[in-house]
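**Student:** with the input below, show me the fold.
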Amino acid sequence: MKVLLVLIISFMLTIVISRLFVDEWNIILSGNIAMMLMLWFASLGHFMFTKGMVMMMPAFIPFKGALVYLTGVMEIILGPLLIINSTRHIAGIILLIMFVVMLPVNINAAIKRVNFEKATYDGSGTSYLWFRIPLQLWFIAWVLYFSVGI
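**Tutor:** Next comes the predicted model:
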């Protein structure tokens, strides 16, 4: 929920700022700045809650800790690449792949009732998927529209 709030609030703020200071509604830039800020916020979890994020992954995935750090770094790097016209499309495609790959991890975490912030197995369970799956689809649609241009 927090990442969704960061995305929506930063989008609204940047679009208003663009209208006030540039005298136009720069929706594409605002959408990409909002996604960048959301990615940066989400990346914090990769470094603050590494143990819990490792617990989210299915058993067959090797190098779980390294993957958590790698995806956190990728979120930090890909965010600014969304702002640059010449790199926006490829950064968007990489993000789409990440969002699709992360969905089964989130499903696994819900089934295992992982609370990644506490690194415990007392999370909300599969009921969380009623929020998480549409949220992941929302992120995919956001990147398709604002970054990839579909």
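**Student:** got the phi/psi numbers for T120?
**Tutor:** The phi/psi pair for T120 (degrees, to the nearest 10) reads phi -130, psi 170.
**Student:** got the contact list for it?
**Tutor:** The neighbourhood of T120, defined by CB atoms under 8 Å, 6 or more residues apart in numbering, consists of G52, V114. Backbone N, C-alpha and C define where each C-beta goes, glycine included.
**Student:** please report how far it lies from G52.
**Tutor:** Relative to G52, T120 is positioned 8 Å away (criterion: CB to CB, to the nearest Å).
**Student:** my read: F146 touches G31, true?
**Tutor:** Yes: taking CB atoms under 8 Å as the contact criterion, F146 and G31 are neighbours in contact, 3.3 Å apart.
**Student:** give me phi/psi at the residue most central in space within the chain?
**Tutor:** The centre of the chain sits closest to L39, judged by CA atoms, centre = their mean, with a distance of 5.0 Å. In terms of degrees, to the nearest 10, the main-chain angles of L39 are phi -60, psi -40.
**Student:** next: F63.
**Tutor:** phi 50, psi 50.
**Student:** would you list every one of the helices in this structure?
**Tutor:** Listed from the start of the chain, the chain has helices (DSSP state H) covering 2-22, 27-48, 50-56, 64-81, 85-111, 129-143.
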